[in-house]
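Trainee: need a 3D model of the following:
(2 chains)
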There are 2 protein chains.
Amino acid sequence: MPTKTCVYVPVETLTDFMIDALAKMGVPQDDARIVAEILLASDLCGVSSHGVAHLRMYYRRIQKGLQLPVTDWSIVRATPTTAVIDGGNGMGMVVGFNAMRIAIEKAREHGLGAVAVRNSSHYGIAGYYTRMAAREGMVGMSFTNAHPSIAPTFGNEPMLGTNPIAFSAPTDEEFPFTFDAATSIVARGKIEVAKRSGKPIPTGWVMREDGSLPTDATHLIEEMTRNEAALLPLGGSGEMMGGHKGYGLSTMVEIFSAAFQEGAFLSELHDTDKEGNPHFLSIGHFFLAMNVEHFVPLGSFRKTAGSIVRELRASRKVPGEERIYSAGEKAHAKAARVMAEGVEIPPGLQRSLNKLRAELNIENHDLGF
Amino acid sequence: MPTKTCVYVPVETLTDFMIDALAKMGVPQDDARIVAEILLASDLCGVSSHGVAHLRMYYRRIQKGLQLPVTDWSIVRATPTTAVIDGGNGMGMVVGFNAMRIAIEKAREHGLGAVAVRNSSHYGIAGYYTRMAAREGMVGMSFTNAHPSIAPTFGNEPMLGTNPIAFSAPTDEEFPFTFDAATSIVARGKIEVAKRSGKPIPTGWVMREDGSLPTDATHLIEEMTRNEAALLPLGGSGEMMGGHKGYGLSTMVEIFSAAFQEGAFLSELHDTDKEGNPHFLSIGHFFLAMNVEHFVPLGSFRKTAGSIVRELRASRKVPGEERIYSAGEKAHAKAARVMAEGVEIPPGLQRSLNKLRAELNIENHDLGF
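Mentor: Numbers count the residues shown, from 1 in each chain, chains lettered A, B, ... in the order given. Just a heads-up that it's a prediction; the model follows:
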């Protein structure tokens, strides 16, 4: 029976469940482990929108033929420092994991490695892949495009995906510096959260077709789907507060994600073709690994990067503010709490996962709801 | 006699004047050509704050011993794809030009090239260097740190430089896609412009020590210099409108610019040491070149990148707006106008350049004022 309160599921229990669920969807066991780990990484970071909450969405996408459960990825072209990978329209996480692994291998030997990916699908949180590089003593970057959400400056039509920029750098702290953010002011997930909670959104997150800036989130997701509203780029509408900068960064991510692999972009990234028939998502990614030891000793890099974030955190605070954070810090603290307390599963997600269990005939795994 | 109106100086005349002025400051002739070209590139783009308007600032810096006119740069370390360069505390443009040239050479042979720079100085517009890569059929990126201006999220002390992100990609249009923007909402130059014109600035560009958001720009530059006010990151104050994203991007640029070369960062980038004595600026840069042909045919890349910007520009506009731009488009149009009409020199800059002429005993060069 679903409860009316949040349930906290131990990380290991939830991971085993996700692996089994993915296997039942047709994802091979080894790939299912990768996908589950990347979904879990999102819940550990506190980005619950991209974690286990997405499990049923992937099932729907597989059912609709938007992506394949078996990821038959292949290397289209490779040089000592670069590669282009075809994701075979499989599981984006499996493609992304292997693409970053290859970029890291190239950087280990040659200093730098870059891999462009075509024909992939939603790959979860971009910061997972850049953290892979940081663990190997490298700086990692990752970009992906996605279905249209953001309007360009002076426009109001969803054109660009939420196109994240992710960057990780090793530090001498317990965790790397990790920046991972959509180039819109907020990702779609925040609109969904406001809708569910019935709370208004701040003026300026979203623009309607008539140029108005709605605060009632009730119908915004549907309006965005019907092309009647769009997320605004980081910096907001117009140029006064730098909206053209968010727009430019989002376009940069689109170029990284599509142009290096002759791939789909912008309006081609809808779930359906012009006749309304579902088709492969054909999402593109880009991965970059830079081997620190080819520039300076890793220990020195770690010390500089760590000193930078410590000096920032120790700087003068706005009156009334308790502390200044650095990117990756909140995620690290959150991960420790989730490892100890389990992943929070709110009532709506409990219902969704119970439906998934029924759909996939999963009878073992006691999730506590 | 200085006029009270703007004078338009032909590009060639102004360039010759800048080269002579730089030579009189002690900059070797070949280096003076590079510096003048990069200053001019800024005026051509419409970024007049970083162009000939900075010529006298460089002279002041040379006089004060903040940087040297003769740029004795050297390669500290090199691998086939990477290099670390010491700028010898010379002219930032000469260092930057050579660093990007080396990154491009590495990328031409090996697909990717990255060069980190230490002990440099202000290098002008970041987008000049990324356009160098685009001209060679490559994607270019460049980062630099600078003296402290931006407060971190929940902070109000100038800590990070305006730390620009620059990115160029070849397209099938007449000009590359070029994104080049400070990671603050606005660069310092916009505060200076508001001060000179006596106009208020929008709420939220700057934060004072008490957390207030001033709109009167009269004393803000002085307040920023005294650590009493700071620029806010792209996204503004707090996290509501994504200010933590601008802060994160600015920190990423600081890490790129300092950690790969064991360099100075944040508060170390003041013009004076803790005793108030002038010292070398020790600014750091980072340059990345990615050879498109190592991924896909250049023609294909150009077509994809061009199609992306054209689709964006053709998308639905906010009612009342005339057009949607793509990054690099306004700069390209401006350059054509400036080439035809000359560089606009407003009265204040005429006075500054006349003082410089007197200081350097330059008697030839008819600038028209």
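Trainee: so how far is stretch A:37-50 off the chain centroid?
Mentor: What separates the centre of stretch A:37-50 from the centre of its chain is 9 Å, taken as CA atoms, centre = their mean, to the nearest Å.
Trainee: domain ranges for chain A?
Mentor: Listed domain ranges for chain A are A:1-63+A:331-369, A:73-185+A:232-314 (source: automatic domain parsing).
Trainee: for chain B, which of those is the nearest?
Mentor: For chain B, the closest of the domains of chain A is domain A:73-185+A:232-314, at 3.9 Å, according to CB to the nearest CB. The C-beta positions use only the backbone N, C-alpha and C, and glycine is treated the same way.
Trainee: residue B:265 is nearest to which of the domains of chain A?
Mentor: The closest of the domains of chain A to residue B:265 is domain A:73-185+A:232-314. By CB to CB, the value is 5.3 Å.
Trainee: now do that closest one, average pLDDT.
Mentor: The average pLDDT within domain A:73-185+A:232-314 is 97.
Trainee: quick revisit: will you turn the domains of chain A into CSV that also has distance to residue B:137 and mean neighbour count?
Mentor: Below are the domains of chain A laid out as CSV (distance: least, CB to CB, whole Å; neighbours: other CB atoms under 10 Å in any protein chain shown):
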stretch, distance to residue B:137, mean neighbour count
domain A:1-63+A:331-369, 35, 17
domain A:73-185+A:232-314, 12, 24
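Trainee: a markdown table for the ones you listed, including distance to residue B:61?
Mentor: Output for the domains of chain A, formatted as a markdown table (distance: least, CB to CB, whole Å):
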| stretch | distance to residue B:61 |
| --- | --- |
| domain A:1-63+A:331-369 | 41 |
| domain A:73-185+A:232-314 | 25 |
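Trainee: distance to chain B for the ones you listed - can I get that in TSV?
Mentor: Converted to TSV, the domains of chain A look like this (distance: least, CB to the nearest CB, whole Å):
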stretch	distance to chain B
domain A:1-63+A:331-369	12
domain A:73-185+A:232-314	4
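Trainee: nearest to residue B:329, of these?
Mentor: When the domains of chain A are compared by CB to CB, domain A:73-185+A:232-314 sits nearest residue B:329, at 10.8 Å.
Trainee: span of the closest one from start to end?
Mentor: Counting by CA to CA, to the nearest Å, you get 46 Å between the two ends of domain A:73-185+A:232-314.
Trainee: please enumerate the helices of the stretch 251-369 of chain A.
Mentor: Ranges of helices within the stretch 251-369 of chain A are A:298-313, A:329-341, A:347-360, based on DSSP state H, counting those that start in this stretch.
Trainee: the second one vs helix A:298-313, what angle?
Mentor: Compare the direction of helix A:329-341 with that of helix A:298-313 by axes from the mean of the first three to the mean of the last three CA atoms, to 10 degrees and you get 100 degrees.
Trainee: what packs against helix A:329-341?
Mentor: Other helices and strands packing on helix A:329-341, by 3 or more CB pairs under 8 Å, 6 or more residues apart in numbering or on different chains; DSSP states H and E, are helix A:29-45.
Trainee: quick one: average confidence on the helix it packs on?
Mentor: The average pLDDT within helix A:29-45 is 97.
Trainee: from residue B:319, how far out is residue A:222?
Mentor: Here the criterion is CB to CB, to the nearest Å. By it, residue A:222 lies 21 Å from residue B:319.
Trainee: which residue ranges of the stretch 101-250 of chain A form helices?
Mentor: Using DSSP H, counting those that start in this stretch, helices in the stretch 101-250 of chain A cover A:126-135, A:188-197, A:220-225, A:243-258.
Trainee: want to throw those into TSV with distance to residue A:22?
Mentor: Formatted as TSV, the helices of the stretch 101-250 of chain A follow (distance: least, CB to CB, whole Å):
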stretch	distance to residue A:22
helix A:126-135	16
helix A:188-197	21
helix A:220-225	26
helix A:243-258	25
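Trainee: contact partners for the spatially most distant residue from the centre of chain A?
Mentor: Taking CA atoms, centre = their mean, the residue of chain A most remote from its mean C-alpha position is residue A:319, at 33.6 Å. Going by CB atoms under 8 Å, 6 or more residues apart in numbering or on different chains, residue A:319 touches B:210-211.
Trainee: and for residue A:37?
Mentor: Taking CB under 8 Å, 6+ apart as the contact definition, residue A:37 lies against residue A:15.
Trainee: now do 10 Å
Mentor: A:15, A:18-19, A:44, A:93, A:97, A:124, A:128 (CB atoms under 10 Å, 6 or more residues apart in numbering or on different chains).
Trainee: any part of stretch A:215-224 near chain B?
Mentor: No. For a cut-off given as CB under 10 Å from any CB of the partner chain, stretch A:215-224 has no contacts with chain B; the smallest distance is 12.6 Å.
Trainee: endpoints of that stretch, how far apart?
Mentor: End-to-end distance of stretch A:215-224 (CA to CA): 14 Å.
Trainee: tell me how far it lies from the chain's centre.
Mentor: Counting by CA atoms, centre = their mean, stretch A:215-224 comes out at 22 Å from the chain centroid.
Trainee: please name the nearest non-neighbouring residue to residue A:166.
Mentor: residue A:126 (3.5 Å; CB to CB, 6 or more residues apart in numbering or on different chains).
Trainee: got a list of what the most centrally placed residue in chain A touches?
Mentor: For chain A, the residue nearest the mean C-alpha position is residue A:125 (2.6 Å; CA atoms, centre = their mean). Neighbour list for residue A:125: A:38-39, A:41-45, A:47, A:49-51, A:93, A:96, A:131, A:142, A:164, A:166, A:178, A:180, A:331 [criterion: CB under 10 Å, 6+ apart].
Trainee: can we see that at 7 Å?
Mentor: Residues near residue A:125 by CB atoms under 7 Å, 6 or more residues apart in numbering or on different chains: A:41-42, A:45, A:47, A:50, A:180.
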